[in-house]
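Q: Generate coordinates for the sequence data below:
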Amino acid sequence: MITTRKNNRRWLLASLAVSVLLVAVACDRYEWLPSTVDTPLAGTVWKLEAVVSSDTIKTVGSEVSEKSYRLLFDPAGYAYGRSANNDLFGEYAFEEQKNTFHSEFQPMTYALEPPEGELFIQRLNNAWRYELSGDVLRLYFSGNECLHFRATEDDGTIERVFADPPEAAPLKGTVWKLEGFGSSEGKLVTAKPFTIRAYQLLFEPGGKAYGISSGNHLLGEYALNDALRTIDIDIEAVTEAMERQDGYVYLERLNNAGRYEQTDNILRLYYSDTEYLQYRPAADQNYLKGIFPGLSQYVPFKDKVWKLEGFGAGGGALTAAQPNDEKAYLLYLQKSLNAFGTTSVNTFGTEYTMDATQGTLAFGALGITKMNEQKDGKRYVDCLSRVSRYQFDNATLRLYYSDTEYLQYRPAPDDNYLSMYIEKL
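A: Residues are numbered from 1 along each chain as shown. Predicted coordinates:
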């Protein structure tokens, strides 16, 4: 039996109490459809052509992206889509004899929507009747007002959350995506925030466990007893972003899991006699594995001093930062989301924000000493102010300040210039 820290997580208790209350009061609760659904819509993809009312037909023009305003009805009973700027996920149900229809969509991404995009989501969720004729689908959202779709091909532009059923996935080596919190009542409560990347889990054959919570990368160990169907999980965040919504609740329940059930492509981890976390295979089996290259040699990049190796762009060679001084261009990212560092001749302190599920990182305004910067000093300060995302591969940290340009760091020597200050923090 592996050693766990299940009784040493007192720092979570205050947040858990609030989160549990929020789940009980505010979390959407609904009964999910069966694992496979036999409907005329199952497996079809649709592109919005027009919004029809009693006296007008507003067509969707060529200025709208080909990827926008699309729907995919999955054979498993899920519905995927794309508004103007965001990926959508939900469920759908209908009664063929009465032509009644119901769908419940929510965004999985958080891009700014134009008014038309917000209306599209609202109208989808208000749809109550459908008409299906050949390659035309109409979803009526108010009286005779409807969304007019035409059938199209599944070209991969709609990103799915779960893999297609009914594949039987092995427990080990499969990336699992949380479907919801379940109980003996037979209902699932979706974990919030519900995004494509959040709440993923991977059990490696060697006993390592990897995952993503609401906002952090997770790393730990697990042990199985196949005969008794028991499981012991000890996993924790190796990044220190603030968990969102159900993130702390998820971590606590995951570490309290004591037994498991697996039927084909459904995995349940029971954290009490009747309550469980329910997973399905993630549609994207590569994203989580890409976060943990090597899958056994992951090193957190926080609480480590990094030395700038150079300025990079695309796949080209690095340009070394000048002056080439051992005290220059050091960076320390603290777990408390404070950052300290040096430029060409100055020292600075600031705060930073990050979201591990989206790979974003940004610095606040720098509090910096006032010596005149030398050589690449001003350029470095400007680049730090524009950092928006990061990429981390064990011993290499890249901070991107444009789509293709980045600052590349490697671990600094243990006796680096910043160490004397860090010891006092």
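
Q: low-confidence ranges in this structure?
A: Segments of the chain classed as low confidence (criterion: pLDDT under 70) are 1-39, 61-64, 165-167, 293-302, 356-357, 393-394, 423-425.

Q: Is residue 123 in a helix, a strand, or coil?
A: Classification of residue 123 using DSSP: H, G, I helix; E, B strand; the rest coil returns helix.

Q: Can you pull up the most central residue in the protein?
A: residue 197 (2.7 Å; C-alpha atoms, centre = their mean).

Q: May I ask which helix or strand encompasses it?
A: In this structure, residue 197 sits in neither a helix nor a strand according to DSSP states H and E.

Q: how far away is it from residue 189?
A: In this view, residue 197 and residue 189 are 20 Å apart by C-beta to C-beta, to the nearest Å. In short, each C-beta sits where N, CA and C put it, glycine included.

Q: in the stretch 251-400 of the chain, which spans are strands?
A: Per DSSP state E, counting those that start in this stretch, the stretch 251-400 of the chain has strands spanning 259-263, 266-270, 276-281, 305-313, 330-333, 338-342, 347-355, 360-363, 367-368, 389-393, 396-400. These are given in chain order.

Q: Can you lay out those strands as JSON lines showing distance to residue 148?
A: As requested, the strands of the stretch 251-400 of the chain are exported to JSON lines (distance: least, C-beta to C-beta, whole Å):
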{"stretch": "strand 259-263", "distance to residue 148": "40"}
{"stretch": "strand 266-270", "distance to residue 148": "36"}
{"stretch": "strand 276-281", "distance to residue 148": "32"}
{"stretch": "strand 305-313", "distance to residue 148": "45"}
{"stretch": "strand 330-333", "distance to residue 148": "51"}
{"stretch": "strand 338-342", "distance to residue 148": "51"}
{"stretch": "strand 347-355", "distance to residue 148": "37"}
{"stretch": "strand 360-363", "distance to residue 148": "37"}
{"stretch": "strand 367-368", "distance to residue 148": "56"}
{"stretch": "strand 389-393", "distance to residue 148": "38"}
{"stretch": "strand 396-400", "distance to residue 148": "41"}
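
Q: Would you reformat the ones you listed as CSV and include mean neighbour count and distance to residue 181?
A: Compiled in CSV, these are given as follows (neighbours: other C-beta atoms under 10 Å; distance: least, C-beta to C-beta, whole Å):
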stretch, mean neighbour count, distance to residue 181
strand 259-263, 15, 15
strand 266-270, 21, 11
strand 276-281, 23, 6
strand 305-313, 19, 38
strand 330-333, 24, 33
strand 338-342, 20, 34
strand 347-355, 17, 22
strand 360-363, 18, 27
strand 367-368, 14, 43
strand 389-393, 18, 30
strand 396-400, 20, 35
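
Q: Looking at those, which is nearest to residue 159?
A: strand 276-281 (14.8 Å; C-beta to C-beta).

Q: what packs against that closest one?
A: Using 3 or more C-beta pairs under 8 Å, 6 or more residues apart in numbering; DSSP states H and E, the elements in contact with strand 276-281 are strand 175-182, helix 247-255, strand 266-270.

Q: List just the one of these that sits closest to residue 289.
A: Smallest distance to residue 289 across the helices and strands packed on strand 276-281 (C-beta to C-beta): 6.9 Å, for strand 175-182.

Q: Pairing partners for that closest one, with directions?
A: Strands flanking strand 175-182 in the sheet, each with its direction: strand 188-189 (antiparallel), strand 200-203 (antiparallel), strand 276-281 (antiparallel) (DSSP bridges).

Q: if we can go back for a sec, make TSV from the helices and strands packed on strand 276-281 and add distance to residue 160 to it.
A: Rendered in TSV, the data for the helices and strands packed on strand 276-281 read as follows (distance: least, C-beta to C-beta, whole Å):
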stretch	distance to residue 160
strand 175-182	10
helix 247-255	21
strand 266-270	16
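
Q: what about these, which gets the closest to residue 305?
A: When those are ranked by distance to residue 305, counting by C-beta to C-beta, first place goes to helix 247-255 at 28.0 Å.

Q: how far is that closest one from where the chain is centred?
A: Using C-alpha atoms, centre = their mean, to the nearest Å, the distance from the centre of helix 247-255 to the centre of the chain it belongs to is 16 Å.

Q: Out of the helices and strands packed on strand 276-281, flag the one nearest residue 112.
A: With C-beta to C-beta as the criterion, residue 112 lies closest to helix 247-255 of these, at 23.7 Å.

Q: For the closest one, which helices and strands make contact with it?
A: Identification of packing neighbours for helix 247-255 by 3+ C-beta pairs under 8 Å, 6+ apart yields helix 13-26, strand 230-237, strand 276-281.

Q: how does it look with 7 Å?
A: When contacts are defined as 3 or more C-beta pairs under 7 Å, 6 or more residues apart in numbering; DSSP states H and E, helix 247-255 packs onto helix 13-26, strand 230-237.

Q: Remind me what the shortest one packs against, helices and strands.
A: Using 3+ C-beta pairs under 7 Å, 6+ apart as the contact definition, the elements that strand 230-237 packs against are strand 208-212, strand 217-225, helix 247-255, strand 259-263.

Q: Please enumerate residues in contact with the first one?
A: With contact meaning C-beta atoms under 7 Å, 6 or more residues apart in numbering, strand 208-212 is reached by 197-204, 218-222, 233, 235, 288, 292, 295-296, 356-357.

Q: between the strands paired with strand 175-182, which one is nearest to residue 256?
A: For residue 256, the closest of the strands paired with strand 175-182 is strand 276-281, at 9.8 Å, according to C-beta to C-beta.

Q: how distant is the closest one from the center of its chain?
A: The chain centroid and the centroid of strand 276-281 are separated by 16 Å under C-alpha atoms, centre = their mean.

Q: Spell out which residues make up each domain of the protein.
A: Structurally, the chain divides into domains by automatic domain parsing as follows: 10-31+165-291, 44-152, 305-422.

Q: Dump these into a markdown table; add distance to residue 158 as well.
A: Formatted as a markdown table, those follow (distance: least, C-beta to C-beta, whole Å):
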| stretch | distance to residue 158 |
| --- | --- |
| domain 10-31+165-291 | 10 |
| domain 44-152 | 5 |
| domain 305-422 | 19 |
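
Q: and the contacts of strand 208-212, which are buried?
A: Applying 16 or more other C-beta atoms under 10 Å to those, the neighbour count classes 197-204, 218-222, 233, 235, 288, 292, 356-357 as buried.

Q: picking up where we left off before, confirm for me that the residue nearest to the centre of the chain is in contact with residue 287.
A: Yes: at 6.4 Å, residue 197 counts as touching residue 287 under the criterion of C-beta atoms under 7 Å.

Q: follow-up on the earlier one: out of the helices and strands packed on strand 230-237, nearest to residue 380?
A: Minimum separation from residue 380 across those (C-beta to C-beta) falls at strand 217-225, 27.0 Å.
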